[in-house]
Every structure is written in structure tokens, then in C-alpha cells.
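Undergrad: Attaching a predicted model along with its sequence, questions to come.
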Amino acid sequence: MKILHVCDKQINNRAYKEGYCIGEKGIEQEVICTMEGDPTFMYVFDEITISTPEMYLENILESDADVILFHDRPEPSAKIVERLKKYNDKRPIVYECYDLWYYLGKKEDTFNQNEWYMLAESDLVVHMGYLNQNRSHELYDYRTPEIIVPSLTPRFLIPERAKHHIGGIVYEGGVSSHNTTDPNEVITRRFRDLHDAYWGFRNKGIYMDIYGAGHRAVDYPTMEGLFFNELLHRLTQYDWGFLGNTKELSLLQVAGPCKIWEYSMAGLPIIAMNMDDVVDQTNKGGIIKCHSVDEAVEIMQSVDREALAKESFETCRYLDDEIGVLIDACRKLV
């Protein structure tokens, strides 16, 4: 069996991690994307095609892969799958639906035609958690077979605790991918409560740092251009991982499970503010659930941080143990 990974623009971390674990099982893999990827991870694929948007479909049709796995947004993916069907391409389509809420436009009742098409017309849907799976069925009528593969990390990437210790709290960014400081800008207002939490910890003498792959946002200090394994090593320098959502920005609930596992694998206990449902779906320990900075600080000062960190790490799981679910499902499709 040969798997073709289709990634809009750059290859995301999910595709890299899955590619590594799938390759370790001896399965041949190809990736098609439109931008150069992370050079520290590109080796996991047997074939790499950097395509132009105009040649995207032709490159997919020319691939001799048995299964086509779409990793990215439903907008470009739906159009490609529709054209593949017109060309009578019979290969199974697997759709990883881990950004469902984000592409609903952050509104609970927004119907996204492309999302529905990918859910309904694919041969298999892969969810990152029960939360997104349940929400997708509330919004869309489809009968596609589904599996759940949590957002885990291969064992070889798990870093040792850093000797250089910063302490304090770290938030693994992603929300920092805008550079506006205009208080009237809508996207800035959407981050208001996360911004307030950041300064709430600072004002109480607890240092908090925010890392992301984007630009400086509001007053967040960010580290630009970190590769995934470098980010994991950076996380080990802190004492706590922060998970907080904004009331108007549900994409953070989508990204939450990814951050939970990465904090755990860096050996960090987790402070989860107003993220109870996201935390509950992961079924893991080492997490403080709270609803304000004051509550978080009070709990942090009263718990055994080292014991909580140990619990966090010991309850994390590894993608190498879970990848068989995806591989077996692909083999059945073939």
C-alpha cells in the first residue's frame, strides 16, 4: 500500500508526525504540497512533489498511490476531490477533519458546503477527538465511516527536560499569527480575554511567554519560525503549560487537544482556563481546570507541581501506538 498525503500550501505538523509513524511501519508515502516544508522532517516521505496550484490536480492524478489522504482545509480539498471524481479516479479518499470548528467561521450554526462535501463524499473521516466528531454530526448529515486518532507525538520526538530553566507559564501560540495593534481591529478584540489572562499572570508576578509561528501580536512576546521539535524542547524550559480560549474564537478549542499532548510530552502540568469540554475529551491527568487567573494562581500555589507534572507526562500517549488504527482503516479501503 502507498499513501499520498495532500497538503494545501505547507505540510502541517500533523502530516509530519503521521508520516514518520506510518513510514516506521514500512508503508510507502508520497506528499504533494505547494510550498517548501520543514527540512528536518521532509525525509519521512519517500517522494515529495512541490506543485504549483495549476498542476495540483495533475500531480495527484499522476501519483501511483493507493490511498489519498487530505490533511488540510475543506475549501481547496473539496474542489480537488470533486474534480478527481469527474476524472473517474476510484482511489479511496481519507479526510482528516481536525479544523472543523475553525472553518465553520467560529459560528455554531454556520453551514460550510465544502466541509459537508468532504465529510459526505470521502471514504473515511479521521477526527482528532470526540468533540469535533460529535459537533460534525450535529451540523451535517453524513454516513461516512469514521475513526479517531488523537493529536499525539512519536516517541522519538519526546524531549528531555531542559537544563536551562525559565520557569513560569508558557502558551504555545498559534493565535499570534496576526500583527495588528489596532484596538478597533476585530481580530484583536477576539483575543481580548486571552490578552487579559496573559497580563493577569504578569501582574501577579508569574512570568508567561507565548510562542507561535507567526508575527508579534498585541503585546505578546513570540518566537517566530520554530520547527516542531525545537518548539517541544523550548517548552521544557517552563513550569506550566497554559490552555485558554476566547469566547469569540472557537479555533482555540480545535487546537486545544494538540497543545495538551505537546505540553504533556514536554513534562508540563497544564492550566486550562474555560476549556473544560476540551480537557474532558482527552481523558488524561495532570490538568488544572479553572475559570479565572485568580483561581489558577490560587491552585498553582497550593498543589504539588512536580507530582502534577509526573501525572501529566505519564498519562500522555504516543502516536506510534495509535497509528495502526489509521493504517488498518486505509488497508480496508484498498
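TA: On my side now, so go ahead. Bear in mind the structure is a predicted one, so any value in this text is a computation, not a measurement.

Undergrad: pLDDT weak spots in the stretch 151-300 of the chain?
TA: Scanning the stretch 151-300 of the chain for pLDDT under 70 picks out 173-191, 212-225, 246-254.

Undergrad: just the strands in it please.
TA: Per DSSP state E, counting those that start in this stretch, the stretch 151-300 of the chain carries strands over the ranges 169-172, 208-211, 240-244, 270-273, 287-290.

Undergrad: Domain boundaries for the chain, per the record?
TA: As assigned by automatic domain parsing, the chain contains the domains 2-154+319-333, 159-314.

Undergrad: can these go into CSV with extra columns for mean neighbour count?
TA: For the C-beta atoms, the positions are set from N, CA and C on the backbone; glycine is no exception. Listed next are the domains of the chain as CSV, based on neighbours: other Cβ atoms under 10 Å:
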stretch, mean neighbour count
domain 2-154+319-333, 18
domain 159-314, 18
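
Undergrad: Straight-line length of stretch 297-312, end to end?
TA: 18 Å (Cα to Cα, to the nearest Å).

Undergrad: Can you pull out the residues in contact with that stretch?
TA: 201, 204, 206, 239-240, 263-264, 267-271, 284-288, 290 (Cβ atoms under 8 Å, 6 or more residues apart in numbering).

Undergrad: do stretch 323-334 as well
TA: Contacts with stretch 323-334, where a contact means Cβ under 8 Å, 6+ apart, come from 1, 3, 18, 21-22, 25, 27, 66-67, 69, 92, 94, 123-124, 126, 145, 147-149.

Undergrad: Mean confidence (pLDDT) on that stretch, please.
TA: Throughout stretch 323-334, pLDDT has a mean value of 97.

Undergrad: how about the strands in the stretch 1-150 of the chain?
TA: Along the stretch 1-150 of the chain, counting by DSSP E, counting those that start in this stretch, strands occupy 2-6, 28-33, 47-50, 67-70, 93-97, 124-127, 146-148.

Undergrad: export these to JSON lines and tack on mean pLDDT and distance to Ser302?
TA: Below are the strands of the stretch 1-150 of the chain laid out as JSON lines (pLDDT from 0 to 100; distance: least, Cβ to Cβ, whole Å):
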{"stretch": "strand 2-6", "mean pLDDT": "97", "distance to Ser302": "46"}
{"stretch": "strand 28-33", "mean pLDDT": "96", "distance to Ser302": "48"}
{"stretch": "strand 47-50", "mean pLDDT": "94", "distance to Ser302": "51"}
{"stretch": "strand 67-70", "mean pLDDT": "97", "distance to Ser302": "46"}
{"stretch": "strand 93-97", "mean pLDDT": "94", "distance to Ser302": "39"}
{"stretch": "strand 124-127", "mean pLDDT": "95", "distance to Ser302": "36"}
{"stretch": "strand 146-148", "mean pLDDT": "95", "distance to Ser302": "35"}
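
Undergrad: Please render those as a markdown table that adds distance to Asp294 to the earlier fields.
TA: Converted to a markdown table, the strands of the stretch 1-150 of the chain look like this (distance: least, Cβ to Cβ, whole Å):
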| stretch | distance to Asp294 |
| --- | --- |
| strand 2-6 | 45 |
| strand 28-33 | 45 |
| strand 47-50 | 50 |
| strand 67-70 | 44 |
| strand 93-97 | 37 |
| strand 124-127 | 35 |
| strand 146-148 | 36 |
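
Undergrad: Would you mind saying which of those strands lies nearest Asn134?
TA: strand 124-127 (9.1 Å; Cβ to Cβ).

Undergrad: contacts for that closest one?
TA: Strand 124-127 is contacted by residues 92-98, 118-119, 133, 136, 142, 144-149, 326, 329-330, 333 when judged by Cβ under 8 Å, 6+ apart.

Undergrad: One more pass at 7 Å, please.
TA: 92, 94-97, 119, 133, 144-149, 326, 329, 333 (Cβ atoms under 7 Å, 6 or more residues apart in numbering).
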